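model this:
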Amino acid sequence: MSDFSSDRSAAPVLEVWCDLQCPDCRTALDDLHALRARYGDRLELRLRHFPLEKNKHAFAAAQAAEEAWEQGRGWPYAEALLGRVEELAREGEPFLVEVARELGLDAEEFDTALIDGRHILVVDADQAEGKAIGVTGTPTYVIGGERLDGGKSQEGLRERIEEIADRLLAGQEH
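Numbers count the residues shown, from 1 in each chain. The predicted model follows:
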């Protein structure tokens, strides 16, 4: 996922392995907002795609999110989808284009991207990498080499992420 710039390369990275049709990932948004509020640019949040087979529109949603990143609105788009997972489940790909339109993105380009499959390789690569490191459900977080599985329970996960982030940030100050 391309949500980083060279001036922030020193920030610890929190990878969020996510299925954009997953209600548990929607619940995780509160934690992500709290982490953003606490750390700002000192912690880089990076969305990684892990669409689950049980969510039939998740793979298309991941491709659409990649198009949103190309158009400069990746996080707002991903958050908009996660906030409305029931609508996505019910309406499918037309809903992906509608959300793009609502956010002022080039909806026709979204439609074309979903048809021509230009982002499939990125989504496939994320999914393969996730499987390789042991991701089995969503949300799963990876920070400082530790994998934290939020698919079963998210209780205490934000605190654990904060402990690791604080340790990594403290290590940078030496």
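
check contacts around residue 120.
By Cβ atoms under 8 Å, 6 or more residues apart in numbering, residue 120 lies in contact with residue 63. The C-beta positions use only the backbone N, C-alpha and C, and glycine is treated the same way.

Next, it: phi, psi?
Dihedral angles of residue 120 (phi, psi; degrees, to the nearest 10) stand at phi -60, psi -40.

where does the chain have low pLDDT?
Along the chain, segments meeting pLDDT under 70 span 1-9, 151, 173-174.

could you pull out the strands for it?
Per DSSP state E, the chain carries strands over the ranges 13-18, 44-49, 140-143, 146-149.

which stretch among these comes nearest residue 105?
Closest of those to residue 105 is strand 44-49, at 16.4 Å (criterion: Cβ to Cβ).

Within the sheet, what are the partner strands of that closest one, with directions?
When pairing is defined by DSSP bridges, strand 44-49 lines up against strand 13-18 (parallel).

Now mean neighbour count and distance to residue 58 too, for the strands of the chain, in TSV please.
Shown next, in TSV, are these (neighbours: other Cβ atoms under 10 Å; distance: least, Cβ to Cβ, whole Å):
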stretch	mean neighbour count	distance to residue 58
strand 13-18	24	9
strand 44-49	21	9
strand 140-143	24	14
strand 146-149	15	18
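
Which among these is found nearest to residue 134?
Comparison of these against residue 134 by Cβ to Cβ identifies strand 146-149 as nearest, at 6.0 Å.

Please list the residues outside the closest one that contact it.
Contact with strand 146-149 is made by 133, 134, 135, 136, 137, 140, 141, 142, 157, 160, 161, 164, as judged by Cβ under 8 Å, 6+ apart.

Which ones among those residues map onto helices?
For the contacts of strand 146-149, the ones inside helices are 157, 160, 161, 164, with DSSP state H as the criterion.

before we move on, the earlier item: go through the strands of the chain and name the closest to residue 110.
Nearest of these to residue 110, taken as Cβ to Cβ: strand 44-49 at 16.1 Å.

show me what contacts residue 126?
With Cβ under 8 Å, 6+ apart, residue 126 has these contacts: 1, 17, 48, 49, 50, 62.

With respect to residue 73, which of the contacts of strand 146-149 is nearest?
Residue 73 lies nearest to residue 141 out of the contacts of strand 146-149, by Cβ to Cβ, at 22.8 Å.
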